[in-house]
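Q: Build me a model from this:
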Amino acid sequence: MVQSVRADVAFAEWRHAEVHEREARALEGVAGADRWPALGSGAEATGGTGREPSEVLGLLSLFYEIDVFGRVRRALEAARGDRDAALEDRRAVLLGVVADVATSYVRLRGLQYGLATVRRNLDTQRETLDLTEAQRRVGLASDLEVQRARALSANTAALVPPLEAALAATQHRLAVLAGEPPASLLAELAPEGPIPSAPAELLVGVPADLLRRRPDVARSERELAAATARIGEAKAELYPRFTLVGSVGLRSQDVAEMVGGSGFGTLGPSVEWPIFAGGRIVANVEARGAREEQARARYEQAVLVALEEVESSLALHAREQVRRRELRAAVEAQREATQLARRLYFNGLAPFLEVLDAERSLLASESLLAESETTVTNSLVAIYVALGGGWERAEELALR
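A: Numbering: from 1, shown residues only. The predicted structure follows:
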């Protein structure tokens, strides 16, 4: 149910981003149409009065704005900024889905690794239980030692069902992200596989330069560019608007004789200059300026948040690698300690409690290592996401 809801949300976000981009492209076309002359046609019939016969007029009109002060150019720049911002929204959805797939797959392998660790320790603990029961039968172990060994193995066995449930849920999640029914990939994902490894060293360059790839930063930058262009579009209304207006036509007293009718035509410039508009134009310029300031603030905030996420993810990845190295050393030492405790106990040289403590500590150390191995790789995914993706750009994914 949870996977289905998440899939519906992801699909809705993708659909919204796709439709929004299509709308922005259409509005770009609307703004770009003003660069070209507008042609129109029409016909008109006038009724005669008295001795004057009726007359039919056929017209072809032309209207073209000469963009002297850049109103049309600025409007087109703003529309292109909106289009690019919509494209970045679509990239953001794609980036989120790809990151979700990557982290879910790493989590899947991490759960398999953790489950295998628990089962391996459970086998060892049950072997200890069997040996302890055998020693009790010959008087070399007490009932207390047997019950302690049984309690330890039972507690370890209780860790298996939650891990199996989490593993199944992650398998379902990956199937849903792939657009398949939740149980469709169980057979394919069931075989245990390694956790994808992360490089020991990561060269990411200068984070400030790489941030330009982030969809949220790029979207904010394009929104700022669009808002800036709209200031120029609003200011252009303060100046005269020059247009070229013309018409050609035919005049005839009969529709059937229009081709042979008399022709006429006009062509000339037109100037329109709003002398007084009640402060509307100035207020609109101020409003566009305020929107530009808002867009600038959002852009600056997006950059700061992006820098924070990059620096934090880099720090987490570096520190987790150190933690993993220490946990690997701890696991190796604890394995040797467990083997030594078992040998000493069965040779009568150490108390049984030493064996139980060693096996309990080994399970804890190996579980922490499984968690750290998963965290190291997922922290690398987080770095790629913070930098705008280590995957293909939108152009390479045929989003345009």
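
Q: need the strands for the stretch 201-350 of the chain, in chain order.
A: Using DSSP state E, counting those that start in this stretch, the strands of the stretch 201-350 of the chain run over 241-252, 262-272.

Q: Least confident of the ones you listed, on average?
A: Lowest mean pLDDT of the strands of the stretch 201-350 of the chain: strand 262-272, a mean of 65.

Q: which stretch of helix or strand covers the residue nearest to Arg35 when sequence neighbours are not counted?
A: What sits nearest to Arg35 in space, not counting adjacent residues and going by CB to CB, 6 or more residues apart in numbering, is Val72, at 5.9 Å. Where you see a C-beta, it was placed from the backbone N, CA and C, and this is true even at glycine. According to DSSP states H and E, Val72 maps onto helix 71-137.

Q: Now the helix or strand just after that helix: buried residues?
A: From helix 71-137 onward toward the C-terminus, using DSSP H and E, the following helix or strand is helix 143-157. Buried residues in helix 143-157, defined by neighbour count with 16 or more other CB atoms under 10 Å: Glu145, Val146, Arg148, Ala149, Leu152, Ser153, Thr156.

Q: between the helix holding Val72 and helix 143-157, how many degrees?
A: Using axes from the mean of the first three to the mean of the last three CA atoms, to 10 degrees, the direction of helix 71-137 lies 160 degrees away from that of helix 143-157.

Q: where in the stretch 301-400 of the chain is pLDDT low?
A: For the stretch 301-400 of the chain, applying pLDDT under 70 flags the ranges 390-400.

Q: Swap in 90 and give it another go.
A: For the stretch 301-400 of the chain, the stretches flagged by pLDDT under 90 are 306-311, 314, 318, 342, 345-353, 355, 383-400.

Q: hey, where'd the helices end up in it?
A: Secondary structure of the stretch 301-400 of the chain (DSSP state H, counting those that start in this stretch): helices located at 352-386.

Q: same question, the stretch 151-300 of the chain
A: Secondary structure of the stretch 151-300 of the chain (DSSP H, counting those that start in this stretch): helices at 160-177, 186-189, 207-210, 215-235, 280-346.

Q: Can you say which of these is packed in most?
A: Sort those by mean neighbour count, taking mean count of other CB atoms under 10 Å, and helix 215-235 sits at the top with a mean of 22.

Q: between that helix and helix 71-137, how big is the angle?
A: Using the same axes, to 10 degrees, the inter-axis angle of helix 215-235 relative to helix 71-137 is 160 degrees.

Q: what mean pLDDT would you report for helix 215-235?
A: So the average pLDDT for helix 215-235 ends up being 90.

Q: got the angle between it and helix 280-346?
A: Using the same axes, to 10 degrees: helix 215-235 against helix 280-346 is 180 degrees.

Q: Show me what helix 215-235 packs onto, helices and strands only.
A: Counting contacts by 3 or more CB pairs under 8 Å, 6 or more residues apart in numbering; DSSP states H and E, helix 215-235 is packed against helix 71-137, helix 280-346.

Q: Need the ones you listed in CSV (columns: distance to Arg219).
A: Converted to CSV, those look like this (distance: least, CB to CB, whole Å):
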stretch, distance to Arg219
helix 71-137, 4
helix 280-346, 8
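
Q: Out of those, which is closest to Glu233?
A: Proximity to Glu233 (CB to CB) singles out helix 71-137 among the helices and strands packed on helix 215-235, at 4.0 Å.

Q: could you say what helices and strands that closest one packs with?
A: helix 2-33, helix 143-157, helix 160-177, helix 215-235, helix 280-346, helix 352-386.

Q: any idea how far the fifth one is from the chain center?
A: In this view, helix 280-346 has its centroid 17 Å away from the chain centroid, taken as CA atoms, centre = their mean, to the nearest Å.

Q: pLDDT on stretch 90-99, on average?
A: Averaging pLDDT along stretch 90-99 yields 86.

Q: quick one: buried residues of it?
A: By 16+ other CB under 10 Å, the buried positions in stretch 90-99 come out as Arg90, Arg91, Ala92, Val93, Leu94, Leu95, Gly96, Val98, Ala99.

Q: got those residues as TSV, with distance to Ser270 columns?
A: TSV is the format used below for these (distance: CB to CB, whole Å):
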residue	distance to Ser270
Arg90	42
Arg91	44
Ala92	46
Val93	47
Leu94	48
Leu95	50
Gly96	52
Val98	54
Ala99	56
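
Q: Can you add distance to Arg15 and give the helices of the stretch 151-300 of the chain back as JSON lines?
A: JSON lines is the format used below for those (distance: least, CB to CB, whole Å):
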{"stretch": "helix 160-177", "distance to Arg15": "16"}
{"stretch": "helix 186-189", "distance to Arg15": "27"}
{"stretch": "helix 207-210", "distance to Arg15": "29"}
{"stretch": "helix 215-235", "distance to Arg15": "17"}
{"stretch": "helix 280-346", "distance to Arg15": "24"}
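
Q: which residues does the spatially closest residue to Ala236 that is not a sequence neighbour contact?
A: Nearest non-adjacent residue to Ala236, counting by CB to CB, 6+ apart: Arg71, 3.5 Å away. Arg71 makes contacts with Glu65, Glu233, Ala236, Glu237, Arg241, as judged by CB atoms under 8 Å, 6 or more residues apart in numbering.
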